[in-house]
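> take a look and give me a structure for this.
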Amino acid sequence: MPNALRIGIIGLDTSHVTAFTQLLNDSSQPYHVPGGQVVVAYPGGSPDFELSISRVAGFTDKLRDEYGVAIVDSVEAVAEASDAILLESVDGRVHLEQFAKIAPYGKPVFIDKPLAVESGHAKQIAELAAKHNVPVMSTSALRFAEGLTDVLADGENGAIIGVDAYGPMAIQPTQPGFFWYGIHTVEMVFAVLGKDCIDVTVTTNDDHDLIVGRWADGRIATVRGNRKGNNAFGALVHREKGSRFVDVYSNPKPYYASLLERIVPMFRGEGAAIDFAETLQVIRFIEAANESRASGKTVAL
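Model (predicted):
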């Protein structure tokens, strides 16, 4: 592919790495995203996180054997051999450490969700990005699901007045509270209402969590997380003259392709599709929700 970006991956412990590589490298894919190819990767993996370390070997073998990706032994080696980087480590705890090592290379970076599992680390990533003039974007792919973007583009029923979103909420001790799966649903809410949430209140029991968020302009959102077996995501977007259901599975185009269509232009210097200040607010929202979940009190952002 002429002028294709050389893309490196850090962290081969999530199915995202094979999905992204297939969409980028295989031009026969119906939703192929042109502009770059994955050429180098560092496996990584967190020994204390079973859902991380147990998957590294399989994804490493697949990228090396099926796609010819060079496997290297450090994050720095990835930065040296690539034009842009997908930081895919599934463990949000390691993102700051890994980003700190690659930021001095000045390569644009996509950091897969969550950006971090505490707002202090998220702010340090922002500071490093500014210091080294590194373009950075971080989000869940659900933000760009065609079913959601289609509903947001349809303004026939007037201005958006609120949103109720839902999704699975498994608890993973190494990724506190909502940071593991709750972030997907939170990203959908922020895509609808923007970054100006002022406080959150959480009701919780063994099977469910319900976050109620208040926005500065008076709009209210809910995020329902369940642990009763329903693993589907969805939302109801409320406008002045009607409400529409968001079916994130209604379009055959995978939301990973929709996400990559925002990442590749950022890698090419066209700017990030999301204001990084909003991403920082997403992390603080989840952190505040975890605090409310523990205390039973309303927590300000």
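> what number of residues lie near residue 131?
If you count neighbours by other CB atoms under 10 Å, residue 131 ends up with 10. Glycine gets a C-beta too; all of them are placed from N, C-alpha and C.
> now do the contacts for it.
Residue 131 makes contacts with residue 103, as judged by CB atoms under 8 Å, 6 or more residues apart in numbering.
> distance of it from residue 122?
Remark: distance between residue 131 and residue 122 (CB to CB, to the nearest Å) = 15 Å.
> could you do residue 281 as well?
From residue 281 to residue 122 the distance is 9 Å (CB to CB).
> just residue 96 next, same as before
For residue 96, the distance to residue 122 equals 8 Å [CB to CB].
> so for these two, which sits in the more crowded spot?
Of the pair residue 96 and residue 122, residue 122 is the one with more neighbours under other CB under 10 Å, namely 26 against 21.
> what ranges do the strands span in the stretch 1-150 of the chain?
With strands called from DSSP state E, counting those that start in this stretch, the stretch 1-150 of the chain shows them at 5-10, 36-42, 70-71, 84-87, 109-112, 136-139.
> paired strands for the longest one, with orientation please.
Which is strand 36-42. The strands beside strand 36-42 in its sheet (DSSP bridges) come out as strand 5-10 (parallel), strand 70-71 (parallel).
> pLDDT on the last one, on average?
To tie it back to what came earlier, the one meant is strand 70-71. What strand 70-71 shows for mean pLDDT is 98.
> what does it contact?
Against strand 70-71 from outside (CB under 8 Å, 6+ apart): 39, 40, 41, 42, 43, 60, 63, 64, 81.
> please indicate which of those are buried?
The neighbour-count test (16 or more other CB atoms under 10 Å) applied to the contacts of strand 70-71 identifies 39, 40, 41, 42, 43, 60, 63 as buried.
> joint contacts of residue 96 and residue 122?
Residues touching both residue 96 and residue 122 (CB under 8 Å, 6+ apart): residue 116.
> now do the buried residues in the lowest-mean-pLDDT helix or strand in the chain.
Least confident helix or strand of the chain, by mean pLDDT, DSSP states H and E, is helix 50-53 with a mean of 94. Buried positions in helix 50-53, judged by neighbour count with 16+ other CB under 10 Å: 51, 52, 53.
> check stretch 246-265 too.
Going by neighbour count (16+ other CB under 10 Å), the buried part of stretch 246-265 is 246-248, 254-264.
> could you do stretch 289-300 as well?
Neighbour-count burial for stretch 289-300, counted by 16+ other CB under 10 Å, picks out 289, 290, 291, 292, 293, 299.
> average pLDDT for it?
For stretch 289-300, mean pLDDT rounds to 98.
> quick thing: my sequence starts at 475, can you match it?
Taking 475 as the first residue, the last one we looked at is stretch 763-774.
> how about residues contacting that stretch?
Identification of contacts with stretch 763-774 by CB under 8 Å, 6+ apart yields 650-653, 656, 660, 672-676, 678, 683, 685, 697, 762.
> neighbours of the closest residue to residue 751 other than its chain neighbours, how many?
The shortest distance from residue 751 to any non-neighbouring residue, by CB to CB, 6 or more residues apart in numbering, is to residue 669 (6.4 Å). Residue 669: 18 surrounding residues under other CB under 10 Å.
> per-residue confidence at residue 669?
According to the prediction, residue 669 has pLDDT 96.
> tell me if I'm right that it and residue 752 touch.
Yes - using CB atoms under 8 Å as the test, residue 669 is close enough to residue 752 to be in contact (4.0 Å).
> about what we covered before: of all the buried residues of stretch 763-774, which comes closest to residue 550?
Distance to residue 550, by CB to CB, is smallest for residue 764 among those, at 32.8 Å.
> how close does the closest one get to residue 509?
Going from residue 764 to residue 509 by CB to CB gives 37 Å.
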